[in-house]
Structures are given as C-alpha cells and as structure tokens.
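S.K.: Fold the following.
(one chain, ligands or ions: 1)
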Amino acid sequence: MPDLQKLYDAILNGDNKAAASITKEALAQAVEPMDLVNKYMIPAMDEVGRRFESEDCFVPELLLSARAMKGSLELIRPLLAARGTEPAGRVAIGTVQGDLHDIGKNLVASMLEGGGFEVVDLGADVSPEKFIAAIQSRRIDVVALSALLTVTMPTMKTTIEALTLAGVRQKVKVIVGGAPVTKEYAKQIGADGFAENAISAVSLVRKMLAEQPVA
Ligand code: B12
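M.R.: Numbering: from 1, shown residues only. As a prediction, the model looks like this:
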C-alpha cells in the first residue's frame, strides 16, 4: 500500500509525476478512488488555496498543483465512469464564461458519468450561446453550471436568462455549483438546484429527473 499522504504532498507541491505514480499504485492496489479524491487530493487543493490567499504561494504554484490534480483525476475518471449502468439522462456541464477553473467541474462530470448519466462536457469559459447550442442539438435534460470566482457567479444568472430568451429554459433543469455558490444564491438566480459537491450533484440530478422529468 503506497503512503497516501505522499499524494497529498505531491499535489500540494505541484509534483505531477509523483502524484500520477502514487495514484496508479493506489488504484492497482484497489484503494477506493473517491477516498483518494476526498481524503488527499481535494484537501491538498484546499491547502494550496489557503496558501494562495495568505500570499504564501502564487499563480505559478497554483497552476502546478492544478496540473498534478488534473493528471491524477484523469487516471481516476475512467474508473468512476465505469461504475454506471443504464444512461439515466443527459447533462451538459461547463464552467461559465470568464472562469477558467475546471477541476471541480471535471469531478462533477466524472461522478455524473459514474452515476449513469451521459455527460456533454462543454469545458471552461463557456458562453451562454454554447449552452444554448448544446440544448438545441443534443436533447439535454440538465444544464450544470460551475463558477469558482465571485466575479463570475453573476454570469450564471445571465446564462440562465439567455436560456430563457432563446426559448430553451423550460426544456431543461438547471443546477449550479462551485465553491462560492450557495443554495440561496441558486434560488435567487432562478436555478432549479444546487449541490455542494460532486457526490451530492449526482443524487440531486437523479432526484430531479425522477420527480419531474423535463419537457
Ligand atoms: C486551482 C486554482 C486555480 C487554477 C485553476 C486551474 C484549473 N484548470 O481549474 C488557476 C491557477 C488557473 C487559477 C486561476 C485564478 N484563480 Co484560482 N484557484 C484555484 C484553487 C486553488 C483550487 C480550485 C479547485 O480546483 N478546487 C478543487 C475542486 C475539486 O473544488 P471546487 O472547484 O470547489 O469543486 C467542488 C464543488 O465546488 C462542487 N462544484 C464545482 N462546480 C460545480 C458545478 C455544479 C453544477 C455542482 C452541482 C457542483 C460543483 O463540486 C466540486 C467537487 O466536490 C482555488 C482555491 C480553493 N481552495 O478553492 C483558487 C481560487 C478559486 N482562485 C481564485 C482566484 C482569485 C484566481 C485568479 C483570479 C487569480 C489571478 N489573480 O489570476 C485566477 C482566475 C482565472 C480565471 N479567469 O478563471 C480565488 C477566488 C476568489 C473569489 N472569491 O473569487 C480562489 C478561491 C483562491 C483564493 N483563496 O483566493 N486558480
């Protein structure tokens, strides 16, 4: 069994090679993938965030840590996706325009795939027009919006408004999330739901589609 504390350290120190090798070793030894994510990887990114806030590290260090996190997540993602059974619905997910943070969004996408949903990942910095085009071309059930910056949170509202203007809002459920987003904010901007993390996002979408299938 690898020393998993070293996975935390590798992500914290932005050492992508070490992070990938410990992740591979852990998965080969059947360590539960979500334990790696929740107990070591996310806490390491939280610590990076704290250091960034207190100016003990800067954007280059953030980028290295993010690269290490993404590399390990890429190894974990296929395992999460393989857990699904029948497609339970189709979700278009993206980080809203102006926001480049995509680690949390990728995690939500992986968990939804693992939960049996088909996921159309539109990426980061996604314009309202791209969300609209996805709804129009891909029979989307749920639109999932991510934002990590307080300055891009209002873009969630403008994206929802754009869906209404384009006449596609009633075709989908809209869920929102990201570290600064709250349940109250979700309600305030007219979203149908909010989830705090990737695991609760899956149960939220499942519940929503079971309770009231979209038109
Ligand atoms: C990594 C990182 C970066 C990387 C992003 C790399 C990438 N590809 O994503 C880089 C270096 C590019 C970056 C840039 C910037 N960043 Co930054 N970044 C972070 C950091 C350290 C970690 C974010 C992260 O990945 N967390 C791990 C993931 C797993 O968590 P998460 O994203 O919150 O996602 C979870 C939940 O929120 C939820 N969720 C997420 N999305 C969704 C969507 C739905 C639908 C649902 C239901 C749930 C959900 O589920 C996820 C899994 O559980 C945070 C600090 C922190 N601890 O959050 C700062 C942080 C977000 N960044 C910050 C800032 C200021 C910036 C910059 C402006 C810095 C600068 N001066 O240039 C730029 C902005 C660039 C831009 N236009 O977007 C601030 C934001 C402050 C604020 N209140 O707005 C933070 C909070 C750091 C800080 N403490 O100051 N950043």
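S.K.: The longest helix along the chain: which residues count as buried?
M.R.: Secondary structure of the chain per DSSP state H: the longest helix is helix 59-81. By neighbour count on 16 or more other C-beta atoms under 10 Å, the buried set for helix 59-81 is 61-62, 64-66, 68-73, 75-77, 80-81. No exception for glycine: its C-beta is placed from N, CA and C like everyone else's.
S.K.: mind checking pLDDT for the spatially most central residue of the chain?
M.R.: Most central in the chain under C-alpha atoms, centre = their mean is residue 105, positioned 1.9 Å from the mean C-alpha point. On the pLDDT scale, residue 105 is placed at 94.
S.K.: which element is it on?
M.R.: helix 103-114 (DSSP states H and E).
S.K.: Mind giving me the packing neighbours of the next helix or strand after that helix?
M.R.: The helix or strand immediately downstream of helix 103-114 is strand 118-121, counting by DSSP H and E. If you count contacts as 3 or more C-beta pairs under 8 Å, 6 or more residues apart in numbering; DSSP states H and E, strand 118-121 packs onto strand 90-95, helix 103-114.
S.K.: Alpha carbons of strand 118-121, as PDB, please.
M.R.: Output in PDB follows, covering the C-alpha atoms of strand 118-121 (Å, rounded to 0.1, in the frame of the first residue of the first chain):
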ATOM      1  CA  GLU A 118     -24.400  10.800 -20.300                       C
ATOM      2  CA  VAL A 119     -22.300  14.000 -19.900                       C
ATOM      3  CA  VAL A 120     -21.700  16.600 -22.600                       C
ATOM      4  CA  ASP A 121     -18.700  18.400 -21.200                       C
END
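S.K.: Please list the residues outside it that contact it.
M.R.: 87, 89-94, 105-106, 109, 112-113, 134, 138, 140 (C-beta atoms under 8 Å, 6 or more residues apart in numbering).
S.K.: about what we covered before: and the residue nearest to the centre of the chain, how close does it get to the ligand?
M.R.: Residue 105 is 5 Å from the ligand, where distance means C-beta to the nearest ligand atom, to the nearest Å.
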